[in-house]
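S.K.: with the sequence up front, the predicted model follows.
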Amino acid sequence: LFIVLVLIISLGTGFSFTLLMPGLRQILDSRVQFASSGILMPFWGLLGMGDIDITQELGYESPTYVIVPLVTYFYLFLATVILINLLIAQMSATYDRVKENSRLFWLFERSKLILEAKDEKGPIPPPLNVLVWLGEVLLRLREKERSVQFAVSGRTQAAGMA
């Protein structure tokens with residue numbers, strides 16, 4: 001919205017400069033080669049490179065001598081005060097929208113992290129999980145040893161009864 005308004009207002013002001021000062025192109029050609037157009041003057045004015053005294057160089061009489069500075073002042077006021085405030089308001093609204101959603105987004109990411117830690121991670125962090133892994137290996141080896149002993153003792157008892 002901001003860019004569209006800046007373009008519309010700046011182009012409208014540029015067209016008014018072009019119509020009010022028909023000899024402007026020759027003066028601008030001698031000064032600036034890459035942007036020699038009255039249509040671009042408002043854009044340069046936004047950057048602080050506007051030249052209000054150009055009407056004196058053109059030698060125009062009233063009404064151009066009076067209207068061009070008024071249009072320039074009005075445009076610069078409109079662009080710097082109103083349009084910049086509009087940009088600040090848009091940025092503030094975007095910030096508020098992000099801030100509203102940030103708590104929900106944070107809770108969602110936190111729940112994903114908790115679920116990942118619960119379902120995919122071990123009880124202790126990676127440097128110490130080697131101890132848990134060794135404990136599990138030793139427990140399985142012990143269970144395997146017991147099952148082998150039980151199988152051997154079961155065979156000897158069965159052989160003794162027969």
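M.R.: Structure's in. What do you need? Source: prediction; values computed, not measured.
S.K.: how does this protein divide into domains?
M.R.: Domains of the chain are assigned by automatic domain parsing as 2-101, 123-162.
S.K.: next SSE downstream of the lowest-mean-pLDDT helix or strand in the chain?
M.R.: Taking mean pLDDT, DSSP states H and E as the measure, the chain has helix 24-31 as its least confident helix or strand, at a mean of 62. On the C-terminal side of helix 24-31, the nearest following helix or strand under DSSP states H and E is helix 41-46.
S.K.: how far away from the center of its chain is that following helix?
M.R.: Centroid separation for helix 41-46 versus its chain: 27 Å, with CA atoms, centre = their mean, to the nearest Å.
S.K.: kindly report the same for stretch 119-128.
M.R.: 35 Å.
S.K.: and the contacts of that stretch?
M.R.: With CB atoms under 8 Å, 6 or more residues apart in numbering as the test, stretch 119-128 has contacts from 129, 131, 132. Every C-beta, even on glycine, is put in place using the N, C-alpha and C of the backbone.
S.K.: any regions of the protein where pLDDT drops low?
M.R.: Scanning the chain for pLDDT under 70 picks out the ranges 23-38, 49-62, 152, 154-162.
S.K.: the helix with the most length in it: how far from the chain's middle?
M.R.: Counting by DSSP state H, the longest helix found in the chain is helix 84-120. Remark: helix 84-120 is offset 13 Å from the chain centroid, using CA atoms, centre = their mean.
S.K.: next structured bit after that helix?
M.R.: helix 129-161.
S.K.: so which bits of the strand or helix carrying residue 9 are buried?
M.R.: Element membership for residue 9 (DSSP H and E) is helix 2-20. The neighbour-count check on helix 2-20 (16 or more other CB atoms under 10 Å) flags 6, 9, 10, 13, 14, 16, 17, 18, 20 as buried.
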